[in-house]
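Colleague: just to be clear, the model below is a prediction. Sequence and coordinates:
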Amino acid sequence: MRIVQMVIGAGLVVALYGITPVRAELPGCGPEAVAAALTWSGISIDAQELEGSPHREVPRRLLLDAAHSQARIAYPITKGAAVAEEVKAGYPVILLRSIQVENDEVTEKPSLNGPAWSCNVATDYSQEEDTLVLHTDAGEDTSLPLGELTEEWENVGGLGFVILLPGELPTTVSKREYLRAVHDLDNAGHHWEAVTAYDTALAEWPDDPEALIGLGLSLFALRDTVGATAAFQSAQRLNAVQGIKAATAVNVTP
């Protein structure tokens with residue numbers, strides 16, 4: 001169950017309960033953090049079940065594979081302020097943090113497809129102190145000022161994920177990133193769930209051609225040719241209308 005505690009005083013304090021502790025027995029990055037976030041989204045899963053991933057030493061791929069294996073959307077987060085907003089809204093955020101930066105090593109920006117990352121789960125936020133509480137893969141809780149996270153994490157190209165049910169939208173949603181995340185879910189074979197997510201996107205951004213095309217592809221994969229054709233035709237009409245509007249705007253003389 002998701003429980004969000006809000007204490008109104010000098011500032012807002014948000015604490016998310018029900019997060020599985022992130023233990024340190026497993027080397028590398030990922031399984032414990034992914035299991036914690038998936039458990040929060042309603043799936044009880046043990047980190048040991050994620051150990052068989054072919055991308056065990058590639059944290060970004062491991063996170064995506066684990067979320068997709070459970071028909072969940074992995075929505076990317078790249079800004080410290082967005083981490084705070086998602087936690088305030090009741091979503092834990094998995095963060096990939098550079099091991100080199102944590103150890104004060106000066107290096108080139110590490111590749112997100114490499115092993116040089118640790119996984120934390122942001123679960124608590126204090127508005128008064130402007131700090132986040134992170135469950136780390138060393139089995140500890142760490143309080144980190146939001147400004148420090150922004151400087152440390154954003155500057156090395158860090159990445160975070162919110163694990164969503166199909167039909168949910170993150171608080172800091174970007175249409176482009178959301179549709180890309182849904183496309184990845186569809187590519188993982190979860191076509192019904194992708195249809196639900198595309199329907200959610202179209203409720204948020206009515207008549208969006210990209211969402212309609214994605215919906216059509218998911219329906220086609222489900223052998224719903226009638227629904228797929230309708231979605232493609234709608235996208236085609238919208239593209240034509242938008243093309244006419246764009247051409248008209250270019251040719252209008254002030």
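Modeller: Right, received. Where do you want to start?
Colleague: tell me which element I163 is part of?
Modeller: strand 159-164 (DSSP states H and E).
Colleague: what is the subsequent helix or strand relative to that strand?
Modeller: helix 175-187.
Colleague: so that following helix versus strand 159-164, what angle?
Modeller: 70 degrees (axes from the mean of the first three to the mean of the last three C-alpha atoms, to 10 degrees).
Colleague: can you spell out which helices and strands pack onto helix 175-187?
Modeller: Using 3 or more C-beta pairs under 8 Å, 6 or more residues apart in numbering; DSSP states H and E as the contact test, the elements touching helix 175-187 are helix 59-69, strand 73-77, helix 191-204, helix 209-221. C-betas here are computed from N, CA, C, even on glycine.
Colleague: so which of those gets nearest E177?
Modeller: strand 73-77 (5.7 Å; C-beta to C-beta).
Colleague: what about the closest residue to T172 other than its chain neighbours, neighbour count?
Modeller: What sits nearest to T172 in space, not counting adjacent residues and going by C-beta to C-beta, 6 or more residues apart in numbering, is A82, at 4.2 Å. By other C-beta atoms under 10 Å, 19 other residues sit near A82.
Colleague: before we move on, back to that, least reliable of the helices and strands packed on helix 175-187 by average pLDDT, please.
Modeller: The minimum mean pLDDT among these belongs to helix 59-69 (a mean of 81).
Colleague: and it, what other elements does it pack with?
Modeller: helix 31-40, strand 73-77, strand 93-98, strand 117-126, strand 159-164, helix 175-187.
Colleague: next, the angle strand 117-126 makes with it.
Modeller: Using the same axes, to 10 degrees, helix 59-69 lies at 70 degrees relative to strand 117-126.
Colleague: ok, the strand holding I163: who's next to it in the sheet?
Modeller: strand 73-77 (antiparallel), strand 93-98 (antiparallel) (DSSP bridges).
Colleague: mind putting those in JSON lines, mean neighbour count and distance to A203 included?
Modeller: Shown next, in JSON lines, are these (neighbours: other C-beta atoms under 10 Å; distance: least, C-beta to C-beta, whole Å):
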{"stretch": "strand 73-77", "mean neighbour count": "23", "distance to A203": "15"}
{"stretch": "strand 93-98", "mean neighbour count": "24", "distance to A203": "24"}
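Colleague: thinking again about what came up before, per-residue confidence for the residue nearest to T172?
Modeller: So A82 comes in at 92 (pLDDT).
Colleague: contacts only, for A201.
Modeller: A201 sits next to K175, Y178, L179, V182, D208, A211, G214 when contact means C-beta atoms under 8 Å, 6 or more residues apart in numbering.
Colleague: out of these, which are buried?
Modeller: Y178, L179, V182, D208, A211, G214 (16 or more other C-beta atoms under 10 Å).
Colleague: so where does S44 fall, helix or strand?
Modeller: With DSSP H and E as criterion, S44 is part of no helix or strand.
Colleague: I'd like the distance between it and H191.
Modeller: 25 Å (C-beta to C-beta, to the nearest Å).
Colleague: ok, the two, which is more surrounded?
Modeller: H191 (19 against 8).
Colleague: verify the stated contact: A84 with E129.
Modeller: No: taking contacts as C-beta atoms under 8 Å, A84 lies outside contact range of E129: 11.6 Å.
Colleague: having no further points to raise, I will conclude here.
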